[in-house]
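> Following is a predicted model, sequence given first.
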Number of protein chains: 2
Amino acid sequence: MNFEPIGVVHSPFPQIADMPIQPTGAQGVEGAIELAPELVEGLRDLDGFSHLIVIYHFHRAGACRLTVTPFLDARPHGVFATRAPKRPNPIGLSIVRLRRIEKNLLHIEDVDILDGTPVLDIKPYVPAFDRPDGVRSGWLEQAGEAVRSKRSDRRFE
Amino acid sequence: MNFEPIGVVHSPFPQIADMPIQPTGAQGVEGAIELAPELVEGLRDLDGFSHLIVIYHFHRAGACRLTVTPFLDARPHGVFATRAPKRPNPIGLSIVRLRRIEKNLLHIEDVDILDGTPVLDIKPYVPAFDRPDGVRSGWLEQAGEAVRSKRSDRRFE
């Protein structure tokens, strides 16, 4: 199936190396989503939400690998058990804070996304839908704190 | 950009009408993701996670509308302030419970996805990444309980 970008991310991260690896490690980092002007009507009432689910294209990720060693662990894991970008479909997902909307510009915070990233979709983050109970997070249980400080390198270019 | 399905969803919902509208309304509903057999290596260690983020193609959604009246409200909203399927890129997202994995078959629960839906990506749900603090959810603040019982109709076909 073919998708066209609906906009582009502006962020302080022009290159893959040395980025925060999740919004948790990007607290307070400001950026913006510049939406295609003809889609502005679709933003109506979005300003009532504090957080967005941003779905985007990992446009700089190298070819898919089914087994990857992620930033947060020294051991290899299946790519579907990680958030690494070299996926069969290089689709990224980040939950960012929405600060304000000016016309087609969405000012966002906690941005862990590469500058120039093509955006595929924007959804409101809704705790009633997106916050399940009784969660176990496998090999990432131990990595919860490391994600705040760990930075990327070039392994997924 | 062009994406190919990595698998397909099996669920008890063969048609759009009368489906649960979010995993919250589909508690205990069982289904499966049948992954392309050549991608099984990518599942390694996924069984340690209780929940998955499933990204899929709303393959039966009609043409995009920028203003929609969602199931949970009588008032129209911008499509990006809703989870409605008629989006500029018809990409869906559900957080489902992972019960077990048998080869290329992922048995899942809390399934609000149409039978036959093409899957684009599977990611582990990780509270440290996906559970922001201080959330406001706009027009959906009041709808939190209705989502448990409300069912779909045919408006997004």
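Noted; the coordinates are in hand. Residues are numbered from 1 along each chain as shown, chains lettered A, B, ... in the order given.

> Find the helix or strand that the spatially most central residue of chain A is a member of.
Nearest to the mean C-alpha position of chain A, by Cα atoms, centre = their mean, lies A:S94 at 2.7 Å. Under the criterion of DSSP states H and E, A:S94 resides in strand A:91-102.

> That strand near chain B anywhere?
Yes. Strand A:91-102 reaches chain B (Cβ under 8 Å from any Cβ of the partner chain) through A:I91, A:L93, A:I95, A:R97. No exception for glycine: its C-beta is placed from N, CA and C like everyone else's.

> Likewise for stretch A:69-87?
Yes. Stretch A:69-87 comes into contact with chain B (Cβ under 8 Å from any Cβ), by way of A:P76, A:H77, A:G78, A:V79, A:F80, A:A81, A:T82, A:R83, A:R87.

> In ChimeraX, how would I select the buried members of the residues you listed?
Here is the ChimeraX command that picks out the buried ones among the residues of stretch A:69-87 next to chain B, judged by 16 or more other Cβ atoms under 10 Å in any protein chain shown:
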select /A:77,78,79,80,81,82,83,87
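
> wait, doesn't A:V96 sit right on A:I55?
No. Contact criterion Cβ atoms under 8 Å: A:V96 and A:I55 do not qualify, at 11.4 Å.

> higher neighbour count, these two?
Legend: neighbour count by other Cβ atoms under 10 Å in any protein chain shown for A:V96 and A:I55, higher for A:V96 (26 against 23).

> do stretch A:130-138 and chain B meet?
Yes. Stretch A:130-138 is in contact with chain B by Cβ under 8 Å from any Cβ, via A:D130, A:R131, A:P132, A:G134, A:V135, A:R136, A:S137, A:G138.

> Give me the mean pLDDT for that stretch.
Mean pLDDT, stretch A:130-138: 93.

> Same check on stretch A:93-101?
Stretch A:93-101 shows a mean pLDDT of 97 in the predicted model.

> Export that stretch to CSV, keeping only CA atoms.
Extracted C-alpha coordinates of stretch A:93-101, given in CSV (Å, rounded to 0.1, in the frame of the first residue of the first chain):
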residue,chain,number,x,y,z
LEU,A,93,5.9,5.8,16.8
SER,A,94,6.4,8.5,19.4
ILE,A,95,4.1,9.9,22.1
VAL,A,96,4.9,13.6,22.3
ARG,A,97,3.5,16.5,24.3
LEU,A,98,1.4,19.0,22.3
ARG,A,99,2.1,22.6,23.4
ARG,A,100,0.1,24.7,21.0
ILE,A,101,-1.1,24.8,17.4
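
> Tell me the spacing between A:G78 and B:D45.
6 Å (Cβ to Cβ, to the nearest Å).

> what's the answer for A:F3, then?
The gap separating A:F3 from B:D45 is 29 Å, by Cβ to Cβ.

> got any ranges where chain A has weak pLDDT?
Counting by pLDDT under 70, chain A shows low-confidence ranges at A:144-145.

> where do the helices sit along it?
Remark: helices assigned in chain A by DSSP state H are A:127-130.

> Show me where it has its strands.
With DSSP state E, the ranges of strands along chain A come out as A:7-10, A:30-35, A:51-57, A:67-68, A:77-78, A:91-102, A:105-109, A:118-124.

> buried residues in the second one?
So that's strand A:30-35. Neighbour counts over strand A:30-35 (16+ other Cβ under 10 Å) mark A:G31, A:A32, A:I33, A:L35 as buried.

> one step back: with respect to A:T24, which of the strands of chain A lies nearest?
Closest to A:T24 of the strands of chain A, according to Cβ to Cβ: strand A:91-102, at 9.5 Å.

> which residues are contacting that closest one?
Here strand A:91-102 makes contact (Cβ atoms under 8 Å, 6 or more residues apart in numbering or on different chains) with A:22-23, A:30-31, A:43, A:46-47, A:49-58, A:83, A:85, A:106-113, A:117, A:120, A:125, B:3, B:53, B:55, B:93, B:120-121, B:123, B:129-130, B:132.

> which of the residues in that strand are buried?
Residues of strand A:91-102 classed as buried by neighbour count (16+ other Cβ under 10 Å): A:I91, A:G92, A:L93, A:S94, A:I95, A:V96, A:R97, A:L98, A:I101.
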